[in-house]
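Colleague: structure for the following, please:
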Amino acid sequence: MRQRFTARAVVVGDRAGTVLPDAVVDVDGGAISWVGPAADAPPAGDAELVAVPGVLVPGMVNTHSHAPMVLFRGQAEGLPLADWLREVIWPREGRLTGDDVEAAMTAASAEMLRGGITTSVEMYFHPTRIAAAVGATGARAVIPSPLLPLPGLPPLADQLRDAVALAAAGPGDGTVEYGIGPHAAYTIPLPVLRDAAAACREHGLLLHLHVAETATEGAGLLATHGLSVPALLAAHDVLGGRVLAAHCVHLDDGDLELWREYDVAVAHCPASNAKLASGIARVPAMLERGIRVGLGTDGPASNDGLDLLADVRLAAQLARLSTGSATALTAAEAFWLATGAAADAIGRPDLGQLAAGRRADLVHVHTGDLLFEPVLDPADLLTHLVWSGASRLVRDTWVGGRQVVRDGVCTTVDADALRADVAARAARLARG
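Modeller: Residues are numbered from 1 along each chain as shown. Prediction:
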């Protein structure tokens with residue numbers, strides 16, 4: 001199937017913030033074959049013509065999410081992270097079924113598609129049910145099978161064995177990719193972390209874990225080993241290969257140098273970090289060192305949203321506020337953190353930008369709104385996209401050239417029915 005998209009402008013999703021006015025995106029077999037000004041476009045031939053009156057942007061990549069936690073959205077408001085997990089979240093997660101996870105992930109996936117997120121990294125229970133959910137909505141997911149020593153779960157060695165076997169059975173078509181997701185160094189024994197990392201390197205999988213989310217989580221490890229968490233991971237051969245570390249709020253210069261040396265990528269979750277008072281990650285310092293960084297929403301129980309465009313704006317605001325510099329993170333760089341940089345952070349160069357050879361994950365943002373006025377230069381479109389709260393103006397979303405959101409409504413699932421289902425399941429889990 002060949003398609004030609006025409007748009008008022010195309011936002012490429014690169015660090016420079018390239019905006020192409022009066023542009024064309026050609027799609028062939030679900031991949032982008034050409035992008036550029038309409039005046040330079042090759043003949044359309046028999047391609048289906050799709051006229052987009054606003055801007056086309058890349059499908060965003062959510063680098064850290066536990067999206068089925070829509071079941072717990074807004075619960076345990078005001079608790080610090082440790083109490084939030086132990087008193088509310090983990091007890092309810094202990095009652096989760098596979099059906100709960102699939103229903104919640106389907107609803108959350110539809111919500112993300114409606115907001116322009118086409119790919120998410122989902123570290124959560126029942127990974128095959130998460131895969132079934134995104135199969136229903138038409139989204140993409142990278143699913144690191146979680147490793148956690150919780151009551152009722154198999155021994156960690158069995159969890160790791162099953163995670164490796166599942167990854168080998170992945171579809172390999174770019175829709176669902178499995179990885180391994182040990183929770184964190186303070187919950188998973190170091191030998192298990194080392195074995196998980198070795199398996200990921202052997203099979204080319206993504207290793208995803210939480211690192212330095214709070215100021216105190218590494219205190220016990222530091223007291224026992226005399227090393228920070230990044231140094232401890234390096235000393236135990238956990239780093240190397242495709243490693244994505246979530247949060248990374250409390251890292252000093254030495255830790256950042258280790259991240260640079262081992263090419264560890266960071267999933268930056270500004271909204272979750274702010275809501276739980278975890279702190280502000282040193283994103284400008286990371287980027288200065290060439291560390292790969294992508295934005296994540298975290299779970300919708302700790303954000304409480306799945307609105308990555310809102311997190312784009314917050315990431316820029318917090319970077320500027322924490323450094324005292326209005327140039328610490330430009331609008332172009334902030335949007336890049338949710339698109340091209342996010343794809344790079346998870347090791348998926350086929351995603352995140354509107355460029356030839358990448359997958360045709362496209363989002364139409366309506367610009368016939370006061371939020372997008374005035375436009376005195378094409379770059380103003382990107383500025384308004386970042387600063388003006390444009391999430392509500394996402395109108396259409398395509399994944400691999402297939403339309404999955406039309407005029408603000410997910411076309412692949414019944415969102416109203418899902419909302420009622422999630423509400424009923426959440427009430428059951430809360431009752432115990």
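
Colleague: drop to CA atoms for contacts and neighbour counts, all remaining ones
Modeller: Will do.

Colleague: buried ones in stretch 192-205?
Modeller: Across stretch 192-205, burial judged by 16 or more other Cα atoms under 10 Å covers Val192, Leu193, Arg194, Asp195, Ala196, Ala197, Ala198, Ala199, Cys200, Arg201, Leu205.

Colleague: ok, those residues vs Trp84, which is closest?
Modeller: For the buried residues of stretch 192-205, the minimum distance to Trp84 (Cα to Cα) is 24.5 Å, reached by Leu193.

Colleague: state the distance from that closest one to Tyr186.
Modeller: To Tyr186, Leu193 is 11 Å away according to Cα to Cα, to the nearest Å.

Colleague: so who does Val399 touch?
Modeller: Val399 makes contacts with Gly30, Gly59, Thr118, Gly138, Ala139, Arg359, Ala360, Asp361, Leu362, as judged by Cα atoms under 8 Å, 6 or more residues apart in numbering.

Colleague: got it, and Arg242?
Modeller: Contacts of Arg242 (Cα under 8 Å, 6+ apart): Cys200, Arg201, Gly204, Leu205, Leu206, Leu207, Val264, Ile346, Gly347.

Colleague: burial of Asp253, as a residue count?
Modeller: 11 (other Cα atoms under 10 Å).

Colleague: now intersect the buried residues of stretch 192-205 with the helices, please.
Modeller: Val192, Leu193, Arg194, Asp195, Ala196, Ala197, Ala198, Ala199, Cys200, Arg201 (DSSP state H).

Colleague: list just the nearest of the residues you listed to Gly279.
Modeller: Leu193 (25.4 Å).

Colleague: ok, which stretches of the stretch 151-300 of the chain are helices?
Modeller: Along the stretch 151-300 of the chain, counting by DSSP state H, counting those that start in this stretch, helices occupy 156-168, 190-203, 219-225, 229-235, 253-262, 270-275, 283-288.

Colleague: which of those sits most buried?
Modeller: Neighbour counts (mean count of other Cα atoms under 10 Å) averaged over each of these peak at helix 270-275, with a mean of 22.

Colleague: just the mean pLDDT for that one, thanks.
Modeller: Confidence for helix 270-275, expressed as mean pLDDT, is 95.

Colleague: how far does it sit from its chain's centre?
Modeller: 14 Å (Cα atoms, centre = their mean, to the nearest Å).

Colleague: check which helices and strands that helix sits against.
Modeller: Judged by 3 or more Cα pairs under 8 Å, 6 or more residues apart in numbering; DSSP states H and E, the packing partners of helix 270-275 are helix 308-323.

Colleague: what's the helix it packs on in contact with?
Modeller: Identification of contacts with helix 308-323 by Cα under 8 Å, 6+ apart yields 60, 62, 115, 117, 269-271, 280, 282-284, 295-297, 326-331, 334-335, 337-338, 386-387, 389-391.

Colleague: next structured bit after the lowest-mean-pLDDT helix or strand in the chain?
Modeller: Lowest by mean pLDDT, DSSP states H and E among the helices and strands of the chain is helix 81-83, with a mean of 82. Downstream of helix 81-83, the first helix or strand assigned by DSSP states H and E is helix 90-93.

Colleague: got the contact list for Ala345?
Modeller: Thr63, Leu244, Ala265, Val266, Ala267, Arg292, Val293, Gly294.

Colleague: which residues in the stretch 1-150 of the chain form helices?
Modeller: 81-83, 90-93, 98-114, 127-137.

Colleague: same check, this time on the stretch 301-432 of the chain
Modeller: 308-323, 331-336, 340-345, 379-387, 415-431.

Colleague: and the longest one, how far out from the chain's middle?
Modeller: Read that as helix 415-431. 24 Å.

Colleague: list the buried residues of stretch 86-106.
Modeller: Val88, Ile89, Arg92, Glu93, Leu96, Asp100, Val101, Glu102, Ala103, Ala104, Met105, Thr106.

Colleague: find the nearest non-adjacent residue to the third one, please.
Modeller: Counting by Cα to Cα, 6 or more residues apart in numbering, the nearest residue to Arg92 once its immediate chain neighbours are dropped is Leu429, at 5.6 Å.

Colleague: wait, that neighbour touches Arg95, no?
Modeller: Yes. In this structure Leu429 lies within contact range of Arg95 using Cα atoms under 8 Å: 6.4 Å.

Colleague: sorry, back to before: closest one of the ones in helices among the buried residues of stretch 192-205 to Ala415?
Modeller: Cys200 (35.7 Å).

Colleague: tell me who's in contact with the closest one.
Modeller: Gly179, Ile180, Leu206, Leu207, Gly241, Arg242.

Colleague: how about the contacts made by the fourth one?
Modeller: Listed by Cα under 8 Å, 6+ apart, the contact partners of Leu207 are Pro144, Gly179, Ile180, Gly181, Pro182, Ala196, Ala197, Cys200, Arg242, Val243, Leu244.

Colleague: and the spatially closest residue to the fifth one that is not a sequence neighbour, how many neighbours?
Modeller: Spatial nearest neighbour of Pro182, excluding adjacent residues (Cα to Cα, 6+ apart): Leu147 at 4.4 Å. When counting by other Cα under 10 Å, one arrives at 29 neighbours for Leu147.

Colleague: am I right that Leu147 is in contact with Leu156?
Modeller: Yes. If you go by Cα under 8 Å, Leu147 and Leu156 touch, sitting 6.5 Å apart.

Colleague: what is in contact with these two at once?
Modeller: With Cα under 8 Å, 6+ apart as the test, Leu147 and Leu156 reach no residue in common.

Colleague: nearest the geometric middle of the protein, what residue?
Modeller: Asn62 (1.4 Å; Cα atoms, centre = their mean).

Colleague: in terms of contact, does it touch Thr119 like I think?
Modeller: Yes. With contact defined as Cα under 8 Å, Asn62 and Thr119 form a contacting pair (6.2 Å).

Colleague: where in the stretch 251-400 of the chain is pLDDT low?
Modeller: For the stretch 251-400 of the chain, no stretch has pLDDT under 70.
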